[in-house]
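> Give the three-dimensional model of this entry:
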Amino acid sequence: MKKILDLNNLVIRFHGKENTTYAVNNISFDIRQGEILGIVGESGSGKTVTAKSILRITDNAEIKNGSILFNGLDLLKISEREMRKIRGNNISMIFQDPQTSLNPVFTIGNQMIDIIVRHKNISRKKARKIALDWLALVGITNPSKRLNSYPHELSGGMRQRVIIAMALCLEPEIVIADEPTTALDVTIQSQILNLINDLKSKIHSSILLITHDLGVIANTCDRVIVMYGGKIMESSNVNHLFDNPKHPYTLGLLNALPKSKNSLEKLRPIPGNPPDNTKKILGCPFYRRCSDRMDICEKRFPKTLYLNEDHFLNCWLYVEEDSNE
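Coordinates of the predicted model:
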């Protein structure tokens, strides 16, 4: 499949008054046309910062190194004015909290119509028709009434559907979904994920799905990236990863999942705590929590090992130390 987004050697830092946060540490991956790529990992692993860097909305973060190529165009080198044309129109984002993503003082209609008019340069009447069509597509009943509603008048599930409609109504090539079901109950979560998948096919877009839930990854994604401590630990086709996980962190995540509804087997949590990302780590960030650790793991991060075209990992268990380095 054609690559439409290519991140290379991305490094992101947050600089505070007293310390520096090493948020993302030299990661590379691509997004292919028409696929759903998942990024999974614990809180603080760098998932959301990586996603926001694509749209250059990382607040006070400094992107120290790397490139983000969208159809060959480096998004880190264009002006803010050019970037505003790409946001929403070519690459859009579904945020995890619809309550804070919607402006409480404007109606749903005003917010959707303004976005459509700004990017498509059409009349408000035509934009209203597009907004109504998309509200209906995302499963909102009586869309004309909801168009005149304020965010607080809608349930959490309906607000999330509105956010999805706003993200997709311009038919972007890439949709970034940042934990879009976090604040919803299990039934609504399933509906929202199915909805995103169905609408992806309608507009032929690619989706970058950020989550901490491996169950969501298994049921939704084509490929998956496992992140930890601002690094990529492992990446693979979803089916292959679940059938043949290699990295100790990936295995730890899988072992922490309930096996079945009737299983009496105890869950096996990963011992210890995530790394302090205000400390620069030279080796593997999973070192202190890994039962298979070796001395080299603390000192250096391993080279990437490709098991096949779509399955790679970074782990000294599978890579021999190069004495020349």
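> in the stretch 51-200 of the chain, which spans are helices?
80-86, 98-101, 108-120, 124-137, 143-147, 156-168, 186-203 (DSSP state H, counting those that start in this stretch).
> Skip ahead from the longest one and say which helix or strand is next.
What that stands for is helix 186-203. Toward the C-terminal end, the helix or strand that comes next after helix 186-203 (DSSP states H and E) is strand 206-211.
> that older thread, may I see the helices of the stretch 51-200 of the chain arranged in JSON lines, with distance to residue 42 as well?
(Glycine included, C-beta is placed from N, CA and C.) Below are those laid out as JSON lines (distance: least, Cβ to Cβ, whole Å):
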{"stretch": "helix 80-86", "distance to residue 42": "30"}
{"stretch": "helix 98-101", "distance to residue 42": "22"}
{"stretch": "helix 108-120", "distance to residue 42": "33"}
{"stretch": "helix 124-137", "distance to residue 42": "34"}
{"stretch": "helix 143-147", "distance to residue 42": "36"}
{"stretch": "helix 156-168", "distance to residue 42": "23"}
{"stretch": "helix 186-203", "distance to residue 42": "19"}
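> Tell me which of the ones you listed lies nearest to residue 282.
With Cβ to Cβ, the closest approach to residue 282 among these belongs to helix 80-86: 33.7 Å.
> what is the rounded mean pLDDT of the closest one?
Averaged across helix 80-86, pLDDT comes to 94.
> do the same with stretch 172-186
84.
> which sections of the chain are below the confidence cut-off?
183, 260-264, 321-325 (pLDDT under 70).
> dump the residue contacts of the residue most central in space within it.
What sits nearest the mean C-alpha location of the chain, by Cα atoms, centre = their mean, is residue 210, with 3.0 Å. When contacts are counted by Cβ atoms under 8 Å, 6 or more residues apart in numbering, residue 210 touches 38-39, 47-48, 51, 176-179.
> What of residue 160?
94, 98, 180-181, 183-184, 188, 192.
> which residues in the stretch 201-325 of the chain form strands?
206-211, 223-228, 231-237, 305-308, 311-313 (DSSP state E, counting those that start in this stretch).
> Now render the contacts of residue 160 as JSON lines, adding neighbour count and distance to residue 141.
As requested, the contacts of residue 160 are exported to JSON lines (neighbours: other Cβ atoms under 10 Å; distance: Cβ to Cβ, whole Å):
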{"residue": "94", "neighbour count": "25", "distance to residue 141": "21"}
{"residue": "98", "neighbour count": "23", "distance to residue 141": "18"}
{"residue": "180", "neighbour count": "29", "distance to residue 141": "20"}
{"residue": "181", "neighbour count": "23", "distance to residue 141": "20"}
{"residue": "183", "neighbour count": "16", "distance to residue 141": "21"}
{"residue": "184", "neighbour count": "19", "distance to residue 141": "18"}
{"residue": "188", "neighbour count": "17", "distance to residue 141": "15"}
{"residue": "192", "neighbour count": "22", "distance to residue 141": "16"}
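> Residue 215: which of those is nearest?
Looking across the contacts of residue 160 and measuring by Cβ to Cβ, the closest to residue 215 is residue 181, at 10.9 Å.
> The helices of the stretch 51-200 of the chain: which one's closest to residue 258?
Per Cβ to Cβ, nearest to residue 258 of the helices of the stretch 51-200 of the chain: helix 186-203, 13.4 Å.
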